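Asks: using only what follows, build the 3D model:
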Amino acid sequence: MSLRQDLFVLASVVFVAVGCATSATAQISMGSPAAGGLVGLALQQRVWKELGLEDDSAELDGIRKLSNVIAQEIPATLQKLHDEKQHRLDSDEIHGVVRQIQAKYDPQLRKLLTPAQYARLQQIHWQVHGNRALLDAELVKALSITPEQAQQIRKLNEEIHRKQLELQDKILNGEATIDALSKEFPVYAARRNKEINQILSKSQQTKLAEVLGKPFDFSGGTRDGKGPPPPQKSQPKSSPKRE
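Replies: Next up is the predicted model:
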């Protein structure tokens with residue numbers, strides 16, 4: 001399998017993985033920009049509407065330009081790494097490169113949004129990633145997660161992540177189909193949710209719900225075909241003055 005084929009297949013795998021591993025209220029379609037970090041998530045129509053942006057706004061145009069830059073940089077970086085190592089990159093290596101590049105452009109994204117918009121986008125991002133986001137520095141601080149709890153969460157995440165990567169590599173090697181992902185990932189997610197709730201105290205679970213903010217529902221036009229999002233109040237084309 002060529003590098004180009006590797007990247008195409010893995011991209012599909014990553015998109016399915018994100019969609020299936022999240023909570024029931026955060027359903028992301030295969031190939032969804034929500035798998036593309038904060039920038040990709042902001043390009044989900046329901047997300048930018050939630051943020052009060054408009055399709056022809058300067059802010060959204062800037063986000064689209066950032067997405068294009070990322071889309072070009074990822075394959076170029078992976079190709080360079082592939083050439084240097086002289087072997088096909090495994091899933092873990094590709095995931096690492098993708099996450100690093102996505103995060104690099106978050107500061108530019110922050111400049112395009114108001115503090116309130118960026119904060120809401122971060123909330124939605126945490127909701128999308130569910131319990132996998134619990135080790136984010138901001139959530140650790142907000143929930144007063146202890147080192148012992150963090151170690152338990154990290155161990156659980158690593159174990160499930162390893163199983164997911166094994167399945168993804170089987171798909172890359174032709175030993176399994178992408179359909180296997182859609183069946184297995186919900187099982188992993190259910191187990192993760194159950195064990196995380198045993199790690200966190202009741203007060204931490206309550207605090208988590210507060211920090212995550214209003215639940216964001218991705219259904220109704222992204223994957224399940226229930227139709228367009230509900231009507232939104234009209235918003236001015238220019239965002240409020242940034243702080």
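Asks: show me the shaky parts of this protein.
Replies: Across the chain, residues meeting the criterion (pLDDT under 70) sit at 1-36, 219-243.
Asks: leaving out sequence neighbours, find the closest residue to residue 156.
Replies: Distances taken as Cβ to Cβ, 6 or more residues apart in numbering put residue 195 closest to residue 156, at 5.5 Å, once the chain neighbours are dropped. To be clear about C-beta, it is placed using only N, CA and C from the backbone, and glycine gets the same treatment.
Asks: tell me how far the one you found lies from residue 106.
Replies: Going from residue 195 to residue 106 by Cβ to Cβ, to the nearest Å gives 29 Å.
Asks: for this protein, which helix is longest?
Replies: Counting residues, the longest helix found in the chain (DSSP state H) is helix 58-85.
Asks: before we move on, back to that, could you check the helix or strand in which the residue nearest to residue 156 is found and say which residues are buried?
Replies: According to DSSP states H and E, residue 195 maps onto helix 178-199. Across helix 178-199, burial judged by 16 or more other Cβ atoms under 10 Å covers 181, 184, 185, 188, 189, 192, 195, 196, 199.
Asks: show me the two of these that sit farthest apart.
Replies: 181 and 199 (25.7 Å; Cβ to Cβ).
Asks: measure the residue lying farthest from the centre of the chain to residue 124 for me?
Replies: Taking Cα atoms, centre = their mean, the residue of the chain most remote from its mean C-alpha position is residue 86, at 29.4 Å. According to Cβ to Cβ, residue 86 and residue 124 sit 40 Å apart.
Asks: and residue 62, by the same measure?
Replies: Here residue 62 is placed at a distance of 19 Å from residue 124 (Cβ to Cβ).
Asks: for those two, indicate the residue with more neighbours.
Replies: With neighbours defined as other Cβ atoms under 10 Å, residue 62 and residue 124 compare such that residue 124 has more, 25 against 15.
Asks: export the helix or strand hosting that one as CSV, just CAs?
Replies: Using DSSP H and E, residue 124 maps to helix 115-129. Output in CSV follows, covering the C-alpha atoms of helix 115-129 (Å, rounded to 0.1, in the frame of the first residue of the first chain):
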residue,chain,number,x,y,z
PRO,A,115,-13.5,35.0,24.0
ALA,A,116,-17.0,33.8,24.5
GLN,A,117,-17.1,32.1,21.1
TYR,A,118,-13.8,30.4,21.6
ALA,A,119,-14.9,29.2,25.1
ARG,A,120,-18.1,27.7,23.7
LEU,A,121,-16.1,26.0,20.9
GLN,A,122,-13.9,24.5,23.5
GLN,A,123,-16.9,23.2,25.4
ILE,A,124,-18.3,21.6,22.3
HIS,A,125,-14.8,20.1,21.6
TRP,A,126,-14.7,18.6,25.0
GLN,A,127,-18.2,17.2,24.6
VAL,A,128,-17.2,15.7,21.2
HIS,A,129,-14.3,13.9,22.8
